[in-house]
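**Q** need a structure here:
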Amino acid sequence: MSQGSLGDCELSEVEAQKELLGTSALVMLLPSLRGAGGQEEEVEEEEEVYWLSALLQLKQILQAKPLQPALPLVVLVPRQGEQAVRKELLVQGLMLQSLVAAHLISEYIFIHIPEFTSDLQGSKQICQAVQWLASRCPPPPDLCAQTLVQFVEDGLCREFSERFYHHKKARQVLGLPCQDPAPVIQLYNSVLAFLAELVSSEQLSQLSWPVCEFRTLLPHLDWNSAEHLAWLWRAILSLHIPQLELPPAQAPWPAVCAVIFQYASQIPSSKQTQPILISKVEHLLNRVYTEWSESSSTGSPVNQAEWSESCSTGPPMNQVPWDDIVALCIDHRLRDWKPPASAVAEEAITEDGHIVVYFVKEDVKKYKPPPSWEQALRQTQEEMQQDPVGLSPLSTKPGLNSRQRVLRSSSEEHVESRRTSVLDITHTASAEELLPDRLLSSIEAEKAASNMFEKQLQQWLELDPLDSFSMPLYIPQALVSAPETMLPTTPSAAAVTQGMADCDSLSSAPVSLGERLKELDRLIGANKEEELACELQLSTLLHMVDN
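**A** Predicted coordinates:
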């Protein structure tokens with residue numbers, strides 16, 4: 001609430017302390033306009049001063065608050081006896097049409113109230129004015145909040161990684177060489193520029209939000225200040241990587257390696273982390289050279305010192321994995337990221353050490369890839385049309401059925417994604433990413449166990465049934481005279497002859513696996529009966545000893 005016009009110092013203090021931040025409506029009470037009893041020129045001069053003073057006060061309030069959003073305005077006009085100030089005079093004196101055209105206010109109404117506060121009719125009119133303002137207050141801005149690291153990760157995953165790895169996979173399936181590094185680097189830097197613009201947009205600095213009294217629950221008061229937004233812009237753009245100038249097409253292998261190492265040395269932000277990236281790039285180049293030497297007629301692969309110092313031949317330029325090299329550099333830049341200096345506002349850093357950024361949700365979908373990336377996609381499409389059935393020899397592996405091939409390719413894709421993913425600032429593999437590896441290992445383990453069981457079953461079936469039959473070493477005399485109910489029945493001679501004939505016919509005929517399983521079940525049952533007999537013998541012996 002302010003009364004009268006503000007001085008320069010008072011206006012600067014209101015703007016610095018952001019006292020009008022979060023304002024959603026304006027109510028202006030005009031003083032009474034009383035005409036003097038003097039001459040007409042004096043009356044006109046007094047009215048001119050009256051309207052200039054009211055207009056100055058209204059513009060100062062609009063200047064002290066952020067520009068967006070435009071607010072509804074209620075002008076309370078005291079009645080002068082039975083007369084009321086004409087609406088045309090109010091609109092012209094406060095220049096309301098100009099303020100609406102400039103989007104400083106959204107709409108306005110005039111409420112004529114009694115001149116004295118003791119009139120209850122004035123209270124009802126004030127309540128009606130407040131209800132009108134409440135129905136026309138602008139909604140809070142539709143903003144999303146994320147930590148700075150999470151915002152960069154999600155943005156790169158959505159706009160860069162999906163495009164990059166999909167295009168890389170398509171070229172691998174077609175058997176095409178790796179993509180040149182220039183479009184990949186330009187795509188990555190373009191995404192960073194888009195993200196930096198998203199969280200430092202001038203549109204954010206004009207938002208009147210949040211309410212000053214709620215700053216402990218909502219963003220800090222300097223979240224959209226020009227200094228803080230400029231710091232966020234510099235922090236995200238510090239993740240840029242330089243362009244890679246390719247060596248000549250006929251350059252020897254050592255010269256190509258020198259260009260790559262020189263480029264990789266520019267990526268780390270400190271000399272302490274530089275050996276880590278150099279080691280990864282060195283390992284990648286060593287693997288490329290080894291694969292090339294094994295596939296060529298030069299013989300067995302050579303060691304690293306040979307290809308880096310004395311060897312003048314090596315893989316051609318189209319076999320150098322430029323996209324993998326760029327992916328390693330991007331991954332290292334993200335891991336080794338150090339924002340420039342400290343945040344401008346101390347309140348911007350949360351208790352757990354993160355910086356929260358805010359952005360308009362709908363603006364996230366407005367990214368457009370650079371023309372160089374679109375040109376690279378068109379080139380790949382043209383090459384695919386020239387050879388629509390061309391497949392890479394590495395796309396499938398022999399000796400695998402369709403299910404294993406799908407699982408293995410999915411597993412390799414996840415492993416490659418984890419090795420060169422540009423999103424992995426603090427990434428740990430999730431259960432979904434490990435599922436193909438675990439499923440493939442489980443299938444192989446079950447297959448090995450099944451083979452082992454079949455071998456053991458075959459060994460059991462090949463054994464002579466008499467080899468597994470055993471008799472006790474000592475039979476007491478008491479057991480020899482067993483009751484008749486326990487004595488086995490003696491088959492007749494005809495039955496024995498028939499059984500021998502059946503055995504001869506079975507031995508001459510081939511035995512199926514089902515019959516062998518039945519025979520195995522019979523032997524197991526006989527073994528159980530033998531164990532029962534042994535237990536009975538032992539219990540009888542113990543009874544004899546006790547007696």
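
**Q** pLDDT weak spots in the stretch 151-300 of the chain?
**A** 208-218, 297-300 (pLDDT under 70).

**Q** was I right to think L246 contacts V259?
**A** Yes: with contacts counted by Cβ atoms under 8 Å, L246 reaches V259, the gap being 7.5 Å. Quick note: C-beta positions are derived from backbone N, CA and C, even for glycine.

**Q** go through the longest helix along the chain and flag the buried ones.
**A** Across the chain, the longest stretch assigned as helix under DSSP state H is helix 513-546. For helix 513-546, the neighbour count (16 or more other Cβ atoms under 10 Å) marks Q537 as buried.

**Q** average model confidence for it?
**A** Throughout helix 513-546, pLDDT has a mean value of 81.

**Q** list the helices and strands it packs on?
**A** When contacts are defined as 3 or more Cβ pairs under 8 Å, 6 or more residues apart in numbering; DSSP states H and E, helix 513-546 sits against helix 431-462, helix 477-480.

**Q** mean neighbour count and mean pLDDT added to those, as JSON lines?
**A** Formatted as JSON lines, these follow (neighbours: other Cβ atoms under 10 Å; pLDDT from 0 to 100):
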{"stretch": "helix 431-462", "mean neighbour count": "12", "mean pLDDT": "75"}
{"stretch": "helix 477-480", "mean neighbour count": "10", "mean pLDDT": "42"}
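
**Q** make a markdown table from those and add distance to V100 to it.
**A** Listed next are the helices and strands packed on helix 513-546 as a markdown table, based on distance: least, Cβ to Cβ, whole Å:
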| stretch | distance to V100 |
| --- | --- |
| helix 431-462 | 54 |
| helix 477-480 | 117 |
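
**Q** D324: which of those helices is closest?
**A** helix 431-462 (19.5 Å; Cβ to Cβ).

**Q** so that closest one versus helix 513-546, what angle?
**A** 80 degrees (axes from the mean of the first three to the mean of the last three Cα atoms, to 10 degrees).

**Q** from the contact counts, what lies against helix 431-462?
**A** Judged by 3+ Cβ pairs under 8 Å, 6+ apart, the packing partners of helix 431-462 are helix 402-420, helix 513-546.

**Q** next up, the contacts around A134.
**A** Residues near A134 by Cβ atoms under 8 Å, 6 or more residues apart in numbering: A25.

**Q** give me the element it is part of.
**A** A134 belongs to helix 120-136 when assigned by DSSP states H and E.

**Q** mind listing the helices for the stretch 101-250 of the chain?
**A** 120-136, 148-156, 162-173, 181-199, 202-205, 226-237 (DSSP state H, counting those that start in this stretch).

**Q** from what I see, K361 and Q146 are in contact.
**A** No: at 10.9 Å, K361 does not count as touching Q146 under the criterion of Cβ under 8 Å.

**Q** who's more crowded, those two?
**A** The neighbour comparison of K361 against Q146 (other Cβ atoms under 10 Å) goes to Q146, with 17 against 10.

**Q** how far away is the more buried one from L55?
**A** 43 Å (Cβ to Cβ, to the nearest Å).

**Q** how many neighbours does D336 have?
**A** Based on other Cβ under 10 Å, the number of other residues close to D336 is 18.

**Q** on that earlier part again, in the helix holding A134, what's buried?
**A** Applying 16+ other Cβ under 10 Å to helix 120-136 flags 122, 125, 129, 133, 136 as buried.

**Q** and the helix or strand containing V91, what does it pack onto?
**A** For V91, the element it lies in under DSSP H and E is helix 87-94. Counting contacts by 3+ Cβ pairs under 8 Å, 6+ apart, helix 87-94 packs against helix 40-64, strand 71-78.

**Q** okay, the angle between the longest one and helix 87-94?
**A** Looking back up the chat, that one is helix 40-64. Using the same axes, to 10 degrees: helix 40-64 against helix 87-94 is 60 degrees.

**Q** check the shortest one too.
**A** Angle of strand 71-78 versus helix 87-94, following the same axes, to 10 degrees, is 120 degrees.

**Q** need the contact partners of strand 71-78.
**A** Contacts of strand 71-78 (Cβ under 8 Å, 6+ apart): 23-32, 65, 84-85, 90, 94, 96, 105-115, 126, 129, 132-133, 136-138.

**Q** if you set the cut-off to 7 Å instead, what comes out?
**A** By Cβ atoms under 7 Å, 6 or more residues apart in numbering, the surrounding residues in contact with strand 71-78 are 23-30, 32, 85, 90, 105-113, 115, 129, 132-133, 136-138.

**Q** may I see the ChimeraX selection of the buried members of the residues you listed?
**A** In ChimeraX syntax, the buried subset of those is picked out as below (16+ other Cβ under 10 Å):
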select :23,24,25,26,30,85,90,105,106,108,110,111,113,129,133,136,138
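
**Q** from the contacts of strand 71-78, which land in strands?
**A** Among the contacts of strand 71-78, the members found in strands (DSSP state E) are 26-29, 105-113.

**Q** among the helices of the stretch 101-250 of the chain, which is nearest T540?
**A** Closest among the helices of the stretch 101-250 of the chain, using Cβ to Cβ: helix 162-173, at 77.2 Å.

**Q** buried residues in that closest one?
**A** 163-165, 167-168, 170-171.

**Q** what angle do it and helix 148-156 make?
**A** Using the same axes, to 10 degrees, helix 162-173 lies at 40 degrees relative to helix 148-156.

**Q** C-alpha coordinates for helix 162-173, CSV please?
**A** Output of helix 162-173 as CSV, limited to C-alpha atoms (Å, rounded to 0.1, in the frame of the first residue of the first chain):
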residue,chain,number,x,y,z
GLU,A,162,18.0,-40.1,-28.8
ARG,A,163,19.0,-38.5,-32.1
PHE,A,164,22.7,-39.4,-31.9
TYR,A,165,22.4,-43.1,-31.0
HIS,A,166,19.4,-43.7,-33.3
HIS,A,167,21.4,-42.3,-36.2
LYS,A,168,24.5,-44.2,-35.2
LYS,A,169,22.6,-47.5,-35.0
ALA,A,170,21.0,-46.9,-38.4
ARG,A,171,24.4,-46.4,-40.0
GLN,A,172,25.7,-49.5,-38.4
VAL,A,173,22.8,-51.6,-39.7
